[in-house]
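>>> below is the sequence, then the predicted model.
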Amino acid sequence: MRFWEGIRLSLQQIRAQKLKSFFSLLGIIIGITFLIAVITIVEGMNSYVRDDFAGSIFGVNTFSVVRRQQIVTGRVDMEARQRQRRNPELRMRDVGVVRAAVPYAKHISYSATTELDQVRYQQYNRRNIRVIGGSAEYEAVQGWKVQSGRGLTPIDDQQALNVAVIGSNIEERLFPTTSSIDKQIRAGGYRFRVVGVFEKQGGLAGNLRDAAILIPFETFQRTVATRRQEIDVIDIKVSEDHELDPAIVEVEGALRSDRRLRPAQDNNFWIQTSSDLLNAWETINRILMMALPALVGISLVVGGIVIMNIMLLSVTDRTREIGLRKSLGAKRRDIMFQFLTEASTLSILGAILGIGTGIGLAEIVDRFSPLPAAVSAPALITGLFLGLGVGVVSGLYPAYRASKLNPIEALRFE
Amino acid sequence: MTVNTGAETVAPMIVTRDLKKDYVMGAETIHALAGVDCVIQRNEYVAIMGPSGSGKSTLMNMIGCLDSPTSGEYILNNQAVQDLDDDELARIRNRDVGFVFQTFNLLPRATSLHNVELPLIYAGVSSKERRKRAEHALDIVQLADRMDHKPNELSGGQRQRVAIARALVNDPSIVLADEPTGNLDSSTSSEIMDVFDKLHEAGQTIIMVTHENDIAAHANRVITLIDGKISSQTTETSNQITQPPKVVLEAASAIPSASQPPAPKSTSPTGETP
């Protein structure tokens, strides 16, 4: 009952000085906003990476052979990077070696990629696209599904036909009203006939597929390729989970022996697995989570100091009121409680505002950027308790000062 | 406990014995109270007068349990108060003392009702009971129709009546008024003094600090302090100035009756303010 009286009184006090209260809360609001926004986005990324990312970029049970390491996590070994620059390009011969090494593989594909300024159809265009030249099984390895029309066939590749399967975003841009099938689009000075459209992927990885054009590998080499016969990636997909690790070992061994590497020599190629990507994300995640407490902590400390100052001012401003309350029978703990409640109410209010803006910020990021966001209950509870904690800690000294006031002097205070 | 000040049957409301209060200011020690002996009976109406620096505020603070004496004894309503700690003093202020201040000291953002409820909050009274008792107290000072007004919507006299209602709401042993009319014009002053007079008639013990003779004239007894000591006091029965140190016994015999008019004193003009 007295508790609610204290809350009521605090709210009254805060309402009486809205602007001052708001400014005194800025530090806390910013701190908690930051906390909530970052945690929300990191959580979103986590669930995304866990649920979609690895599968959608890599496909399940898939690994790749590339010329050199692309994703580097942790400390960068410059010497190793330098060495990898001398790795030979991947060629059709390597594809044959891989095929021979894992005859049980479900799909093996090879591909090359280039970036183009734009793709056009009549007056429509889409800027900054990726053109992938993929062998026949490319879609199967990636797990990309065609939504309308057809996918690429071995014949397309053998005959190097100028055909293309386009991402859903490209279709939206180039064919806002009409169907895209059998239309001729122009990219990099060549014409391609659209034979199919991929299903929309959306999300962060969506850019990879939705804004891409897939053409046959042979066609790629004869048209948009910057260097002939270079293969960027060989993708290997196995049927079963337990086949993955043996397949990696066999491919590695086969490539080493084909390239006549001695046991002491490093691989002059790189085998990339989905765990590379997950490791990369985990590193980023860890750094964010390490920096977060420091950043939030600084804002909260500043916010706490501001609240302490405001409360000290408030104690001075209300010296007479404190004297009066004491003369009417308020004990030291009553006064202490009143000011602690006020500081806590103030800072919890700040925390609530911070949570609100934090969620708002995360929503905006979620909506207008490919970064996903997921509000997590622990983050909200942490935010509230941090708010309460800052209030109690920063209110303690002012409340103590108030409770120590001599009622006679306080009453006489001008 | 009972107080042994003689062979009386009714315990006095207030007894002080050799009450002293020293303030140390740098190297100097100021004797604000230099040994005050006084007895105030139940239902007495006492004015404390004296020039500034005479110790009347200090005495008032002692009586109101806002401060503890350096030495001496203070018994309020059968309770020895001089050795109590802060929290116990707060409890006594809450239950036994009703303060009325010169500057009203109302909470500016709170309604009359809430202002009057304030002491009850610290007494731990339930909100329903608080409201009932606060309404009753406001009724006594005839402000039942101003319950939801805030202080800035009230006249000076009305504010002081809210303050009086607040002083009464805990049914205190004494009402302690510090220059209650100091901030009021003369007609409002007499309105407030009427309230005090009626309270006294109803049996309330009232102690008032004032420097105005015509206000002091409402009291049945006037205690005058000079240099931290009682220099003189009138008694209702004798209407004469008596000299310390025999005051204690004389005061003990001066049980006032409510129906009598304010005691005239040789040192001040009698009657109401015009």
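Right, received. Where do you want to start?
>>> what segments of chain A are strands?
All strands of chain A, identified by DSSP state E, fall at A:62-66, A:107-121, A:124-134, A:146-149, A:163-166, A:184-187, A:190-198, A:212-216, A:233-237, A:270-273.
>>> can you check which of those strands gets nearest to chain B?
strand A:124-134 (61.2 Å; CB to the nearest CB). Any C-beta I mention is one placed from the backbone N, CA and C, and that applies to glycine too.
>>> give me the most central residue, chain A.
A:M45 (4.2 Å; CA atoms, centre = their mean).
>>> can I assume it is in contact with A:P370?
No. When contacts are counted by CB atoms under 8 Å, A:M45 is not listed as touching A:P370 (10.6 Å).
>>> number of nearby residues for the closest residue in space to A:L353 that isn't next to it in sequence?
Nearest residue to A:L353, sequence neighbours excluded (CB to CB, 6 or more residues apart in numbering or on different chains): A:I29, at 4.9 Å. Neighbour count of A:I29, defined by other CB atoms under 10 Å in any protein chain shown: 24.
>>> what sits against A:L340?
A:391-392, A:395-396, A:399 (CB atoms under 8 Å, 6 or more residues apart in numbering or on different chains).
>>> re the thing from before, may I see the strands of chain A organised as TSV, with mean neighbour count and mean pLDDT added?
Shown next, in TSV, are the strands of chain A (neighbours: other CB atoms under 10 Å in any protein chain shown; pLDDT from 0 to 100):
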stretch	mean neighbour count	mean pLDDT
strand A:62-66	23	90
strand A:107-121	18	91
strand A:124-134	20	91
strand A:146-149	15	91
strand A:163-166	28	95
strand A:184-187	19	93
strand A:190-198	20	94
strand A:212-216	26	94
strand A:233-237	24	93
strand A:270-273	18	87
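>>> out of those, which comes closest to B:F101?
B:F101 lies closest to strand A:124-134 among those, at 77.1 Å (CB to CB).
>>> parallel or antiparallel, which strands does that closest one pair with?
strand A:107-121 (antiparallel), strand A:212-216 (parallel) (DSSP bridges).
>>> quick one: low-confidence parts of chain B?
B:1-9, B:235-274 (pLDDT under 70).
>>> so what's the spatially most central residue of it bridging to?
For chain B, B:L176 is the residue whose C-alpha lies nearest the centre (CA atoms, centre = their mean; 2.0 Å). Listed beta-bridge partners, B:L176: B:F99, B:I207 (assigned using DSSP bridges).
>>> which residues touch residue 97?
By default, I'm working from chain A. Contacts of A:V97 by CB under 8 Å, 6+ apart are A:254-255, A:258.
>>> should've been chain B
So B:V97 contacts B:63-65, B:172-174, B:176 (CB under 8 Å, 6+ apart).
>>> can you tell me which of these lies nearest to chain A?
B:G64 (7.1 Å).
>>> what ranges does the stretch 251-400 of chain A have for its helices?
Secondary structure of the stretch 251-400 of chain A (DSSP state H, counting those that start in this stretch): helices located at A:274-317, A:319-327, A:332-368, A:377-404.
>>> related to what we said a few turns ago, what about the residue nearest to A:L353, distance to A:K18?
In this view, A:I29 and A:K18 are 14 Å apart by CB to CB, to the nearest Å.
>>> now B:L225: phi and psi?
phi -110, psi 140 (degrees, to the nearest 10).
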